[in-house]
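Colleague: Need coordinates for the below:
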Amino acid sequence: MPFPLALLPLIAQVGPFTAPGTNGTPFEQQIERPARARSSAPAATKPAAAPALAASLSEKGKACAEAVDDNADDALDDAQTWLAEAKGPEKAEAQLCIGMAHSRLENWTSAQQAFIAGREAAGANRLLRARLGAMAGNAALAAAAPARALATLDLAKADAKGLASPTLETEISLDRARALVALKRTADADSALADARLTGPNDAEAWLLSATLARREGNLAEAQQRIERAADILPIDPAIGLEAGVIAMLAGHEEAARKSWQSVLTAGPNSPEAETAKGYLAQLGPEPAAHPPAPAASR
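Modeller: Here you go, the predicted model:
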């Protein structure tokens, strides 16, 4: 994966299986950034530009993005100097770089402000406006400001409409769903996830989050269908396996839940999901011993 994902839990697991010290199967938040390993750490790590956006940057913009990955503090100083000298649409790239540097330093509010300023400087470039708006909304989510995030993501959604960029539209819809869940607007979140499934029918995360929301709303049949679709797309994934186990357990299928949680330990033994799965398995206790076959009846 060329650009990393910062994941920030917004909703903790509820229900009978909540292992001590874990967050269960949360909605997670993704930050667009240069690639590192996927993480589920509660504190979001270092974002930057998405691959499609990075490819469209000027040479100076690409150099700034690379500098952010090497030394965010120095890159921030350089980007601010660039902004002071930039003219016209070039200001959008300078603000983008400033936002990326602030994101890398986890200064989420400053990152959001820079991305918004970049969006405004992008002028008639709707694709750039949409991407910067999406990044601004994402940074607001990382700052635990879902109302601000939603307002910006709604602008990004309007900018992206009709641009034939389904991946971007899916990302925007997923972040809108996260913001809406945080605002306790469940029905609207479900609608946003439906949008994500429409534009990203093969996006495993869209189906995973849809399953999580259905499960939290008590619709276990719908949750099961959605988690199965997520697993079809991404068969080996700790987050999907963890959620599949929760759904199975709540539906009364302990053996299936145990298998799902065991699969998490295999798929990502050092992942945060594995720690949660261990807690769930500990609550289940040892696996029941297999009963020996009954002796054949004598004749």
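Colleague: What is the helix or strand where residue 127 lies packed up against?
Modeller: If you go by DSSP states H and E, residue 127 is part of helix 126-142. Contacts defined by 3 or more C-beta pairs under 8 Å, 6 or more residues apart in numbering; DSSP states H and E place helix 126-142 against helix 51-55, helix 90-104, helix 108-121, helix 146-160, helix 166-182. No exception for glycine: its C-beta is placed from N, CA and C like everyone else's.
Colleague: hey, which of these is tucked in deepest?
Modeller: Most buried of the helices and strands packed on helix 126-142, by mean neighbour count (mean count of other C-beta atoms under 10 Å): helix 90-104, with a mean of 27.
Colleague: Just the C-alphas of that helix, formatted as PDB.
Modeller: Extracted in PDB, the C-alpha atoms of helix 90-104 (Å, rounded to 0.1, in the frame of the first residue of the first chain):
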ATOM      1  CA  GLU A  90       0.500  27.200  -6.600                       C
ATOM      2  CA  LYS A  91      -0.700  28.300  -3.200                       C
ATOM      3  CA  ALA A  92      -2.900  25.200  -3.100                       C
ATOM      4  CA  GLU A  93       0.100  22.900  -3.300                       C
ATOM      5  CA  ALA A  94       1.900  24.900  -0.600                       C
ATOM      6  CA  GLN A  95      -1.000  24.700   1.700                       C
ATOM      7  CA  LEU A  96      -1.300  21.000   1.000                       C
ATOM      8  CA  CYS A  97       2.300  20.500   2.000                       C
ATOM      9  CA  ILE A  98       1.700  22.600   5.200                       C
ATOM     10  CA  GLY A  99      -1.300  20.400   6.000                       C
ATOM     11  CA  MET A 100       0.700  17.200   5.400                       C
ATOM     12  CA  ALA A 101       3.500  18.400   7.700                       C
ATOM     13  CA  HIS A 102       1.000  19.300  10.500                       C
ATOM     14  CA  SER A 103      -0.700  16.000  10.100                       C
ATOM     15  CA  ARG A 104       2.600  14.200  10.300                       C
END
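Colleague: Would you mind pulling up the elements that it packs against?
Modeller: With contacts defined as 3+ C-beta pairs under 8 Å, 6+ apart, helix 90-104 has these neighbours: helix 59-70, helix 72-85, helix 108-121, helix 126-142.
Colleague: which stretch in the ones you listed is the model least sure about?
Modeller: Comparing mean pLDDT across these, the lowest value falls on helix 59-70: a mean of 90.
Colleague: Number of residues surrounding residue 87?
Modeller: The local packing of residue 87 (other C-beta atoms under 10 Å) involves 6 other residues.
Colleague: quick one: it from residue 119, how far?
Modeller: According to C-beta to C-beta, to the nearest Å, residue 87 and residue 119 sit 17 Å apart.
Colleague: wait, what's in contact with the nearest residue in space to residue 258 that is not next to it in sequence?
Modeller: Of all residues not flanking residue 258 in the chain, residue 284 sits nearest, at 6.0 Å (C-beta to C-beta, 6 or more residues apart in numbering). Contacts were defined as C-beta atoms under 8 Å, 6 or more residues apart in numbering; by that measure residue 284 touches 254, 257-258.
Colleague: Give me the buried subset of the residues you listed.
Modeller: When these are checked for burial by 16 or more other C-beta atoms under 10 Å, the buried set is 257-258.
Colleague: for the contacts of residue 284, which one is nearest residue 94?
Modeller: Nearest to residue 94 among the contacts of residue 284: residue 257, at 50.9 Å, using C-beta to C-beta.
Colleague: Can you give me the buried ones in the one helix or strand the closest one maps to?
Modeller: Using DSSP H and E, residue 257 falls within helix 254-267. Neighbour counts over helix 254-267 (16+ other C-beta under 10 Å) mark 257-258, 260-261, 263-265, 267 as buried.
Colleague: and if you look at stretch 263-281?
Modeller: Result for stretch 263-281 [16+ other C-beta under 10 Å]: buried residues 263-265, 267-268, 271-281.
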